[in-house]
Every structure is written in C-alpha cells, then in structure tokens.
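*Asks:* Below are the sequence and a predicted model for it; my questions follow.
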Protein chains: 2
Amino acid sequence: MPSPPGKPDQPTLSEVAEAAGVGRATAARALGGYGYVSEALRARVLDAADSIGYRPNAVARSMATGVTEAVGVVVADVANPFFASLVSGAEQELRNMGIDCLVANTGEDMTREAEVVEALLRRQVDGIIISSAAGMNEKVPHLESARKLGVPIVLFDRSLRHLDAPTVVLDNVGAARRATELLLDLGHREIALIWGASMGDDPLMIPQDALSTSIERFQGYCDALTSHGIEVKPGLIAPRPSTLSGSQAPTRVLDGPEHPTAILAVEADATLATLKGLRHRLLSCPGDLSLVAFDDAPWTELTSPPLTVVQQPSAEMGRVAAVRLQELMSTRSNWSTSVDMLPEQLIVRDSAAPLL
Amino acid sequence: MPSPPGKPDQPTLSEVAEAAGVGRATAARALGGYGYVSEALRARVLDAADSIGYRPNAVARSMATGVTEAVGVVVADVANPFFASLVSGAEQELRNMGIDCLVANTGEDMTREAEVVEALLRRQVDGIIISSAAGMNEKVPHLESARKLGVPIVLFDRSLRHLDAPTVVLDNVGAARRATELLLDLGHREIALIWGASMGDDPLMIPQDALSTSIERFQGYCDALTSHGIEVKPGLIAPRPSTLSGSQAPTRVLDGPEHPTAILAVEADATLATLKGLRHRLLSCPGDLSLVAFDDAPWTELTSPPLTVVQQPSAEMGRVAAVRLQELMSTRSNWSTSVDMLPEQLIVRDSAAPLL
DNA sequence: CTGTTAGCGCTTTCAA
DNA sequence: TTGAAAGCGCTAACAG
C-alpha cells in the first residue's frame, strides 16, 4: 500500500524477509504460523520483525485471501440502550473470535439501511448481523442480494418472513402473552397495549410495514385475552409510531373512550412515554392503573413504584447472533435457517397490582 | 480478491471494461469519476457496470490508494448509554462523510485497549476516536505509537495529558463547580461527592490512574467548596471504583461518620448506585438528602423526585470528534492540539432542595 | 523445508 | 482522450 501523504512508510513483509535474510514466503510462513518453517529461521524472522517494528497489513492480507475478518452490525440506533446492548454483546463475542465490527445506524430508514448494507458489501465484510427496519412481511431486496452474493446474514431482534437466514429473537408471542396473563390474573379485564401492530379500527388489520416484534407481541396480547374470553378492543391499542419519538402514543389510549385499568407497554420508549403520560395526568400507578413494561433497565427499579418488567436477554441475543454468524462463515454456504428463540424473564415488582 | 469457498465471483472492473469494450483504466476513470473520459464512453461503461451488477471492491481500492475510509471508534462499553450516545453521534457524522466505523469495546481494560488499537492499525484505519481507559496522567504507549505512525487520533470524553491530540470534552471542572454551587446556594455545607478521584484520606492524593473526568469534576467540586470557605472532607468523597459495577460506592459516604445533607453524583452509574443506596436506607430525597446527578437520561424525570441533573451533550461530543478527525485526515499531519470544551446544561428539577 | 512466482482488483503514471 | 503496464503487501501454488 502506498502511504498517503503524511504517513511514514510502514515496514513490509519483504523488509522483514530481507532483514532476516530469508525469502518472502518463509517470512510469511513464520509470521503467519502456517506451513513448514525451521525453528531457527522462524526465530530469526520473528525478531527481525519486531526489531524493525513490523505490523502485518490486514488490507493486503484480505486482498490476497478474500477474507476480511470484519462483519457489519446494523441496527436502528446504537444510542438506544436496547440496541446498544445487542451490539455490545455481538461485539464482545466477535472480538474474541478476532473479528472486527463495522457498526452502522439506519435510523429505521429503509433507504439508509440499503445504503449501509451496500457499503458493507463493497467493503467485503465476511457477514452481516442486522435488525432490519423492514416490516416482517416485506421483501428486503438489499438483504436478498447480499444473501445471493454468498454473504452470510444473521437476523437479530426482528425476523423477516421472506429472508432465509438464521434468526435470533425473543419469544415475543410468549412474552407478551405471559405479561398479559399476569395482568389478567390480577383481575384486569380492560388492558391497554401501547405500541401494538394494529393501526386502524380493525385489530386484525396489520400494516404491511409492521415489525415482527410488534406483530408478535400484539399476537401474544390477543392470545391471552381471547383465551380468557375477552374481546380485543381497538380503542385499547396504541399503534407503534412510525417516528422514533412516540411520546404521544399513549394519549389515544389514556384519553380515549375505553378506560383501561392496566397497561402493557411493549418497548422501552413506550414505557417512558406511558410513564410520562400517567404523571402528566396525575394518574397513580398502580393505584389508578397497573403497568407491565418491556425491556428491563437499571432505572426501572427506581421509579415509584418500581416497575414490573419483561426483561429481554439483549446482550445474549447479540452474542448468540455472533455465534450463528460464525457458524455460517466457517461452514461455507450452509444456509441453515435456524431460529433461536430466547426466553424473556418476568421481573415482578410493584407496578402491577390486583384490580380493586 | 479470490472468492472464498461458497462465494460466487463478483464482477471485477476488468469485466466491466471488457463488457463495455474499453480498457481497464478507462473503466476505472468512468466509474471513479476522475480523469478524462468522453461522455460516450463514460455512459457505455456506466451501464455496462450495472448491467453485469458490478460492485466496486473497497479492499482493492484501499490496497491501491492506501486509504481505507474507515475509522476506529473505541470506548469502554457501547452498552453504557453515555458511550452509546458518543458512538452514535460520531457514527452519524462519519457515515455522512462516507466513512465507516469500526467500533470496539475495551471494558476499561488497558490491555484490551492496546489490543484493539493494534487491530485497528493493522486494518489501516484512517483515524481513531477514543475515550481511553488510561488515567489522565498516564502515558499511553499504544496511542503514541499510533500517532507516531501518522494515524490521526482524536480524544473524546476523556483527555490525556501526555498525548498531543485534538480533544473533545465536557467542561468538567466548570460543570462540577456549578453543580456544587447550586447545592451551596441552597444552603448545603456538607456535600458528598460520589465517584471523585480521591482515594485515600488525603483528598489531594490523586491516584495515577484517575480518569480526567474524575479528576476534573473533583477539582470543580473542591473549587466551589473552597471558594465558599468550606473545607473538603475526605470522608465525604467516595472514590470511583476500579470495577465497572460501583454499587457499593455510596456506602462509604452514606454510612460514614460525616453526615452529608447533599450529594453530587458525577456519573450515571454513580447516580443509580446512590439512588439505590438511598432507597435501601429508607432515606428520602430531597427530604433527607439533596441530590444533583451527572448525565441526563430519559428516566431521570420519572423518578421520585424528578432529578436535578447535569446534562452532557454526549451525541454532540461524538459529532464534534468526528469533525475534528475529518479535519486531521484531510490536512496531512497537521497536529493541531485543539480542545473543544463543550458546556453542560444544568436541568433543575426537584431532587435538590433548600437545606431546612 | 525454502525460495520463486504469479496473482488478488484497483489506481495511476506514462506513452500512444 | 485512451490504454498498457507497473505496482500496493500479502498469500499460495509450485518447483527446488
């Protein structure tokens, strides 16, 4: 590699070879630790290397081998603690395997997502781990073309119906069902869902761009209600906002004609918005309204009351995704469409109380 | 690049050239948008390119130019919301400049930090943005060698006395001073500091590995006290724990012989730990103890009482760091040791009240 | 076991 | 304006 202006030349393998008085290939074998090299030469090469301050050039290596040992990790926004945790988990696992992470934010924007994926492909990443902004039932051309190209892809957090790739997700249906049942068992019958997938007046009318998480949690919520013979009321469901800030989301439910006695908030932002909504209306919890929230965070035990939450194993999801990707990368083109469905953990604190 | 097992060959520039019936160089110029190419040929090349589905190979490009258009972003842990925000800000800015981010966690471990920096250098990154785990007064060989190598480095969040690199930080001294003064103005005289830099009984004895943020906030705290003629009492200072979990940090202060009437918590984890400590001891806030906390987070207005906080412009710090790095990367070897000291914002809510 | 050689895909002089 | 050719630093046959 030519050194760009300002950068001094770095020692190359040839120089090491020269300094050690051996051929390039021998130096390469000694440093790369492959093939046969006599102990004597290996030693000579090794300390010739660090005596001149040699540092292997990964770009050149990739160029020759076709492997970059880098993967792309793409999420909506690393600033969101949930995604941050996913990324962190993946990063740790990958780094331990000697793989670097190119992380990219999409801001839930499909155009941007396509662009970043394209950038990753140009960079020849060995694989991609992604929580796509695409609706569960949408087609995702940029991922399909990547897949077709032979680049391993692993989905985490959100699944995609039309993409044949290993997926690591929460058991969203089960988690939402169990959370709803907890409320049901406390005697609640009018349970609101904040950030479900349903849009219009017909609860069965799921928008095309709904995320798998929304759909599945909505599903679990419905399952619980109907199996208790309770009707699903559209007026109790606040849809997931398309914008990132969903601060008004709870409004529809809190100020609507139906009067919930309990709320299930299925995403961290929804929880925050709900809590603000309650406080703003001087509603007490669990006095006026019980609450069960998704996504545990250190602060959820510090609110008044401490929150009953559905904890997602987010870092673990990142780690498992990394492992699945690794498997894909090592076994060439084995398109095992595995699904890892991780269990939630229900942490019962004080925000959900018996209906009086 | 040879295609590793499983990956189909991607079309190369040569194939585009052939398909368009021109020489490689011409195709390269047309696609790269540089040098002279006649309109006719440019067009022919361009649609030959996407008719065969050509995608430029960034690795080969880097190999030839010596530029990777990738930078390393390293922090202790992206799962920490503060760092996540720093990273997110930097990522956004860099991506808009067409630069990819390799993000790496160090877990506050210097050995790991040295390793990831080394990995970044092997990858030939064009620059590094880092919040080092090193103490402010420590030497950081891995960064110095990088700098000497000509790789631009920008420090964010934490500064390093011995590294000659642009730095983007909060005005820590001022922020801590103003926060302390707020408490002072409310009549408090016994103010505890959670996560200061001081270790032993002598408050002036600052450990070698103390972070610049700890030292500077400690400094601001002392400044405020002494300028009000108040003595700095070691017993009121809980040191920053070396471990990442500092849940017992407040213990020393809360259960010690001195009895603070107010607390200044200078880091998010410290705030959490303090809040838990108060709750555990059934101490009310601001009734028994006033509190001012660093790092605003969406939940700080939802606790009881809502917290008076010192908000750091974390995403902005990431963005500014990206801009500074960009400047360094474009102007070869201009080692402007600039310091961007961003202002905090004091958000007054209810956790700090007048001393009765 | 070791050295020579031929690329990897792209950029970039340098002639034509 | 265009094309031929020489690398960038490393790996990987292949021959010695």
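*Replies:* Yes, it's here. Numbering: from 1, shown residues only, chains lettered A, B, ... in the order given.

*Asks:* Let's see the pLDDT reported for A:Gln208.
*Replies:* Residue-level confidence at A:Gln208 comes out at 89, pLDDT.

*Asks:* Pull the contacting residues for it.
*Replies:* For A:Gln208, the contacting residues are A:135, A:137-138, by CB atoms under 8 Å, 6 or more residues apart in numbering or on different chains. Where C-beta positions appear, they are placed from N, C-alpha and C, glycine not excepted.

*Asks:* Make a markdown table out of those residues and add neighbour count and distance to B:Ser131.
*Replies:* Converted to a markdown table, the contacts of A:Gln208 look like this (neighbours: other CB atoms under 10 Å in any protein chain shown; distance: CB to CB, whole Å):
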| residue | neighbour count | distance to B:Ser131 |
| --- | --- | --- |
| A:Gly135 | 22 | 37 |
| A:Asn137 | 15 | 41 |
| A:Glu138 | 18 | 38 |
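
*Asks:* In strands, which of these fall?
*Replies:* Among the contacts of A:Gln208, none falls in strands (DSSP state E).

*Asks:* Phi, psi for the nearest residue to A:Met97 once chain neighbours are set aside please.
*Replies:* Excluding the flanking residues, the one nearest A:Met97 by CB to CB, 6 or more residues apart in numbering or on different chains is A:Gln326, at 5.9 Å. With angles defined as degrees, to the nearest 10, A:Gln326 sits at phi -60, psi -40.

*Asks:* Distance check, A:Gln326 against B:Val320.
*Replies:* In this structure, A:Gln326 and B:Val320 are 36 Å apart, going by CB to CB, to the nearest Å.

*Asks:* and of the contacts of A:Gln208, the nearest to DNA strand D?
*Replies:* A:Glu138 (39.1 Å; CB to the nearest atom of the strand).

*Asks:* what does chain A have sitting close to DNA strand C?
*Replies:* Contact residues, chain A versus DNA strand C (CB under 7 Å from any atom of the strand): A:22-26, A:29, A:35-38, A:40-42, A:63-64.

*Asks:* show me where chain A has strands.
*Replies:* So, for chain A - with DSSP E - the strands run A:70-75, A:100-105, A:127-130, A:153-156, A:167-170, A:191-196, A:237-239, A:262-265, A:290-294, A:308-311, A:339-342, A:345-347.

*Asks:* Helices of the stretch 151-300 of chain A, start to end?
*Replies:* Remark: helices assigned in the stretch 151-300 of chain A by DSSP state H, counting those that start in this stretch are A:172-185, A:212-227, A:249-254, A:268-280.

*Asks:* Can you lay out these as JSON lines showing mean neighbour count?
*Replies:* Shown next, in JSON lines, are the helices of the stretch 151-300 of chain A (neighbours: other CB atoms under 10 Å in any protein chain shown):
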{"stretch": "helix A:172-185", "mean neighbour count": "22"}
{"stretch": "helix A:212-227", "mean neighbour count": "22"}
{"stretch": "helix A:249-254", "mean neighbour count": "20"}
{"stretch": "helix A:268-280", "mean neighbour count": "21"}
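
*Asks:* Let me have those helices in CSV, extended by distance to A:Ala79 and mean pLDDT.
*Replies:* As requested, these are exported to CSV (distance: least, CB to CB, whole Å; pLDDT from 0 to 100):
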stretch, distance to A:Ala79, mean pLDDT
helix A:172-185, 23, 98
helix A:212-227, 19, 96
helix A:249-254, 19, 75
helix A:268-280, 12, 90
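
*Asks:* For chain B, which of those is the nearest?
*Replies:* Nearest to chain B, of all the helices of the stretch 151-300 of chain A, is helix A:268-280, at 5.0 Å by CB to the nearest CB.

*Asks:* Figure out how far the closest one is from the centre of its chain.
*Replies:* When distances are taken as CA atoms, centre = their mean, to the nearest Å, helix A:268-280 is centred 23 Å away from the chain's centroid.

*Asks:* Only C-alpha atoms, please: export it in CSV.
*Replies:* Presented in CSV, the C-alpha positions along helix A:268-280 are these (Å, rounded to 0.1, in the frame of the first residue of the first chain):
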residue,chain,number,x,y,z
ALA,A,268,-38.7,0.9,26.3
ASP,A,269,-39.8,4.1,24.6
ALA,A,270,-43.4,3.2,25.0
THR,A,271,-42.7,2.7,28.7
LEU,A,272,-41.1,6.1,29.1
ALA,A,273,-44.0,7.7,27.1
THR,A,274,-46.5,5.9,29.2
LEU,A,275,-44.9,6.9,32.5
LYS,A,276,-44.8,10.5,31.4
GLY,A,277,-48.4,10.3,30.3
LEU,A,278,-49.5,9.0,33.6
ARG,A,279,-47.6,11.5,35.5
HIS,A,280,-48.9,14.3,33.3
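
*Asks:* now for it, which elements pack on it?
*Replies:* strand A:191-196, helix A:249-254, strand A:262-265, strand A:290-294 (3 or more CB pairs under 8 Å, 6 or more residues apart in numbering or on different chains; DSSP states H and E).

*Asks:* Could you list the residues in contact with stretch A:255-264?
*Replies:* A:176, A:179-180, A:183, A:186, A:188-194, A:221, A:233, A:235-236, A:250, A:253, A:274, A:289-293, A:352, A:355.
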